[in-house]
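Novice: Build me a model:
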Amino acid sequence: MKMKVMAKNNSVIMFWLRLTIILIVGFYSHKLVLNNNEFTDSLVLSYFVNGLLASIIFTILNALKNKYNNILGFFYMIGSFVKFVIFYFVFYPVFNSDGDLSRTEFAIFFIPYVLALILETTELIKILNNKIITE
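Specialist: Okay, the predicted model is just below:
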């Protein structure tokens, strides 16, 4: 029992570590490409909120993987929807305040969203494939 808890915690910690590295590299790459201090606050907030939400979603999925494995994909989709709704209500009003959502503003939301989404998806696939193999 103790070994299962350690393995569960280890997979969550490894996810957090990978997510942090991916988002830090993404953030600095994004900032370098933008080369504009006008959006720095929004960029920091976007990467932070997205990282936090991805961490929460994955931690919940990992906690539910044994009991609700058959519907884990639905929980994942609900988490992604919640993340999108939060971003819509937090960032869209700020970006659309001038009546125009520029490509830069869209990228500030979309790039960290996609980076975290790719990692979340690959980790969920590992969880589901591992469950199929052990059955």
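
Novice: Would you mind pulling the contact partners of stretch 25-36?
Specialist: For stretch 25-36, the surrounding residues in contact (Cβ atoms under 8 Å, 6 or more residues apart in numbering) are 40, 43-44, 47, 104, 107-108, 111-112, 115. No exception for glycine: its C-beta is placed from N, CA and C like everyone else's.

Novice: Flag every buried residue along that stretch.
Specialist: Neighbour counts over stretch 25-36 (16 or more other Cβ atoms under 10 Å) mark 26-27, 30-31 as buried.

Novice: taking the residues you listed one by one, which sit in strands?
Specialist: Among the buried residues of stretch 25-36, DSSP state E puts none in strands.

Novice: next helix or strand past the helix or strand bottoming out on mean pLDDT in the chain?
Specialist: Of all helical and strand segments in the chain, the minimum by mean pLDDT, DSSP states H and E falls on helix 92-95, at a mean of 81. For helix 92-95, the succeeding helix or strand toward the C-terminus, using DSSP states H and E, is helix 103-134.

Novice: Tell me the spacing between the residue lying closest to residue 107 once chain neighbours are set aside and residue 110.
Specialist: Closest residue in space to residue 107, ignoring its immediate chain neighbours: residue 30 at 7.5 Å, by Cβ to Cβ, 6 or more residues apart in numbering. Distance, residue 30 to residue 110, using Cβ to Cβ, to the nearest Å: 11 Å.

Novice: now swap in residue 34 and tell me
Specialist: Residue 34 sits 13 Å away from residue 110, going by Cβ to Cβ.
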